[in-house]
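Student: Next one to model:
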Amino acid sequence: MTSPGYSDRVNHALAFAAKHHDQQVRRGTRAPYATHAANVAIILTRYQRDDTAAVAGILFQVVEDYVLQGYSGEVLDQRVASKFGQPALDLVLAVIERRVDDDGIELSPEERRDDALARLANASDDARWVGAAHVLHDAGTLLADLRRTIDAGTVWTRFSGGPAETVRGYRRAVDRLRELGFRAEIMNELEDVVVALETASRDQPVGS
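Tutor: Have a look, this model is predicted:
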């Protein structure tokens, strides 16, 4: 039986993300960053999530870039909601990092991460699915890179916080989702990946 493939809407989102990420590469590699969007879509469709979730997953980094660059809500509506629907944009906005808080105060990188985790409390389960898929792909990619290199230190040096701080970020995301009662099937896979990263980080020599 032939697979029907992605819908026109999902394909449009993939093309949109590819254009946005043109010439961008994954940190410390030559791999095109646009593959991130496609892989998040694969994760979400593998778990039978709908087109809106897939589109939100694809556009996750695009929208986060727009928000961190200070684009207004009106611009987001024009560039994203008008093309892909307000529900998809809302899913992304619920789980990405943002530049300023509700009072318009600019957040530091650490505060942005804390803020994103805190806002998960008000996010829908659909939005949490999108956030979990994004974390799973990031963590899974790191784990795959570690497993195919003979010098793990060269992988960890891509991350300014080092092994412990990098993995702590993934662990915080998993624990926060569990704390909020998110028990979706994706959580088992995400937990396995984070546990494997925790083991890998402990095996890394101190100072690497």
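Student: Now for this structure, the helix or strand with the poorest mean pLDDT.
Tutor: For the chain, using mean pLDDT, DSSP states H and E, the weakest element among its helices and strands is helix 152-156, scoring a mean of 84.
Student: got the buried residues for that helix?
Tutor: For helix 152-156, a neighbour-count test (16 or more other C-beta atoms under 10 Å) marks A152, V155, W156 as buried. The C-beta positions use only the backbone N, C-alpha and C, and glycine is treated the same way.
Student: TSV for the residues you listed, including distance to A81?
Tutor: Supplementary listing: the buried residues of helix 152-156 in TSV, determined by distance: C-beta to C-beta, whole Å:
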residue	distance to A81
A152	42
V155	37
W156	38
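Student: okay, which residue is most central for the chain?
Tutor: Of all residues in the chain, the one closest to the mean position by C-alpha atoms, centre = their mean is H134, 2.7 Å from it.
Student: Tell me how far the least confident helix or strand of the chain lies from the chain's centre.
Tutor: 21 Å (C-alpha atoms, centre = their mean, to the nearest Å).
Student: Give the other helices and strands that that helix contacts.
Tutor: helix 125-147, helix 162-179, helix 186-203 (3 or more C-beta pairs under 8 Å, 6 or more residues apart in numbering; DSSP states H and E).
Student: C-alpha coordinates for that helix, CSV please?
Tutor: C-alpha atoms of helix 152-156 as CSV (Å, rounded to 0.1, in the frame of the first residue of the first chain):
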residue,chain,number,x,y,z
ALA,A,152,33.1,12.5,22.6
GLY,A,153,34.9,15.6,23.8
THR,A,154,34.7,17.1,20.4
VAL,A,155,30.9,16.8,20.5
TRP,A,156,30.5,18.3,23.9
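Student: helix/strand/coil for the closest residue to the residue nearest to the centre of the chain other than its chain neighbours?
Tutor: Excluding its sequence neighbours, the residue lying closest to H134 (C-beta to C-beta, 6 or more residues apart in numbering) is F60, at 5.1 Å. The local conformation at F60, judged by DSSP: H, G, I helix; E, B strand; the rest coil, is helix.
Student: ok, F60 to T199 distance?
Tutor: 27 Å (C-beta to C-beta, to the nearest Å).
Student: Show me which of these two is the more surrounded one.
Tutor: Each of F60 and T199 had its neighbours counted (other C-beta atoms under 10 Å), and the higher figure belongs to F60 (23 against 11).
Student: hang on, isn't that one packed against V40?
Tutor: Yes - with contact defined as C-beta atoms under 8 Å, F60 reaches V40; the gap is 6.5 Å.
Student: Show me the common contact partners of those two, please.
Tutor: Common neighbours of F60 and V40, using C-beta atoms under 8 Å, 6 or more residues apart in numbering, are H134.
Student: Could you report the separation of the residue nearest to Q69 when sequence neighbours are not counted from D22?
Tutor: By the measure of C-beta to C-beta, 6+ apart, the closest residue to Q69 outside its immediate chain neighbours is R99, 7.9 Å from it. The gap separating R99 from D22 is 23 Å, by C-beta to C-beta.
Student: Cheers, nothing more for now.
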